[in-house]
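Trainee: Here is my input; please provide its structure:
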Amino acid sequence: MTIYLQQLDSDMHSAFPSIESALTEPDGLLAMGGDLSANRLINAYQHGIFPWYSEGDPILWWSPSIRGVFLPRQFSPSKSLKKYFRKSNYRITINTVTEQIIELCASTRGPEETWIMPEMIFAYKQLAALGYCHSVEVWENEILIGGLYGLQIGQIFCGESMFSLKTNASKIALWKFCEHFSAAGGELIDCQMMNPHLESLGATEMNRSEFKMKLEELTDKLVAPSCYAPQSIGNKP
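Mentor: Okay, here's the model as predicted:
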């Protein structure tokens with residue numbers, strides 16, 4: 001079977017096709033080629049598109065028919081997670097070591113599990129320097145043990161990856177970020193593709209058309225300016 005994909009040029013003159021034209025098999029595959037420049041990546045996320053490909057492949061761009069999302073105001077941690085956090089000496093920060101978080105999200109996975117290749121690491125570090133890519137960090141005794149990173153698109157946070165080196169570290173990062181993000185006016189956390197792990201954490205499904213409407217509604221709205229300032233969050237009661 002022949003699959004036709006739009007080939008993007010290595011400049012911004014070739015626009016992304018409509019996300020409604022994405023393939024159904026594999027679900028969401030939309031285009032190939034182009035580059036990982038900051039302008040192209042920002043444009044992609046603003047339209048519900050993200051890059052995902054393996055080493056040796058061309059850059060592949062996706063917009064799945066069903067997305068996994070978190071509604072941060074509705075995030076409800078389990079009793080066991082609350083108890084674990086109270087007894088732990090974990091602390092959570094935002095945007096204090098973003099580059100390190102990106103690198104650890106890549107290095108803590110095996111080569112067959114990660115899509116975060118050197119060119120991806122470089123691209124998202126550039127986005128961090130431009131103020132678009134942000135991280136949440138979990139520490140234990142000054143040692144970085146977990147976290148996540150993603151892109152700010154208005155009142156949407158587009159999650160890219162998370163890692164955990166100690167029990168519940170990434171879950172706590174997500175929980176405390178949901179609290180912080182919603183308090184700052186954040187409305188939606190995009191997880192891209194749903195999977196059993198995200199579902200176990202409380203992610204829900206959103207179809208492409210609904211997600212597109214959310215993008216149109218929330219992309220030009222802002223969260224509080226202090227939301228992504230380097231700081232500690234999630235103080236214990």
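Trainee: Do I have it right that residue 9 meets residue 31?
Mentor: No - with contacts counted by CB atoms under 8 Å, residue 9 stays clear of residue 31, the gap being 10.9 Å. The way it works is simple: take the backbone N, C-alpha and C, and place the C-beta from them, glycine included.
Trainee: in a strand, that's where residue 216 is, yeah?
Mentor: No - using DSSP: H, G, I helix; E, B strand; the rest coil, the assignment for residue 216 is helix, not a strand.
Trainee: and it, how many neighbours does it have?
Mentor: A count of nearby residues for residue 216, using other CB atoms under 10 Å, gives 12.
Trainee: any idea how far residue 36 is from residue 69?
Mentor: Going from residue 69 to residue 36 by CB to CB, to the nearest Å gives 24 Å.
Trainee: still on that earlier bit, give me the more crowded residue out of residue 9 and residue 31.
Mentor: Regarding residue 9 and residue 31, a neighbour count based on other CB under 10 Å identifies residue 31 as having more, with 24 against 10.
Trainee: State the three-state secondary structure for the residue nearest to residue 21 when sequence neighbours are not counted.
Mentor: In this structure, residue 21 finds its nearest non-sequential neighbour in residue 30, 7.0 Å apart by CB to CB, 6 or more residues apart in numbering. At residue 30, secondary structure determined by three-state DSSP is strand.
Trainee: residues of the lengthiest helix in the chain that come out buried?
Mentor: In the chain, with assignment by DSSP state H, the single longest helix is helix 169-183. For helix 169-183, a neighbour-count test (16 or more other CB atoms under 10 Å) marks 169-182 as buried.
Trainee: Which residues does it contact?
Mentor: Helix 169-183 is contacted by residues 70, 72-73, 75, 77, 81, 84-85, 88, 90, 92, 94, 136-138, 140, 145-148, 157, 162-164, 189, 201, 223-224, 227, 233-234 when judged by CB atoms under 8 Å, 6 or more residues apart in numbering.
Trainee: how close does the spatially most central residue of the chain get to residue 141?
Mentor: Centroid check for the chain by CA atoms, centre = their mean gives residue 159 as the closest residue, at 1.2 Å. In this view, residue 159 and residue 141 are 27 Å apart by CB to CB.
Trainee: same thing with residue 162?
Mentor: Residue 162 is 21 Å from residue 141, by CB to CB.
Trainee: These two - which one has more neighbours?
Mentor: residue 162 (26 against 8).
Trainee: can I assume that one is in contact with residue 137?
Mentor: No - the criterion here is CB under 8 Å, and residue 162 misses it with residue 137 at 11.0 Å.
Trainee: So for these two, which residues contact both of them?
Mentor: 146-147, 173.
Trainee: wait, which of the residues you listed is closest to residue 132?
Mentor: Closest to residue 132 out of the shared contacts of residue 162 and residue 137 is residue 147 (17.2 Å), distances taken as CB to CB.
Trainee: Look up how far residue 39 lies from the closest one.
Mentor: Distance from residue 147 to residue 39, by CB to CB: 26 Å.
Trainee: Counting neighbours, go ahead and name the busier of these two.
Mentor: residue 147 (32 against 11).
Trainee: Which elements pack onto the helix or strand in which that one is found?
Mentor: Using DSSP states H and E, residue 147 maps to strand 143-153. On a contact count with 3 or more CB pairs under 8 Å, 6 or more residues apart in numbering; DSSP states H and E, strand 143-153 meets helix 38-46, helix 98-107, helix 118-129, strand 133-140, strand 156-164, helix 169-183.
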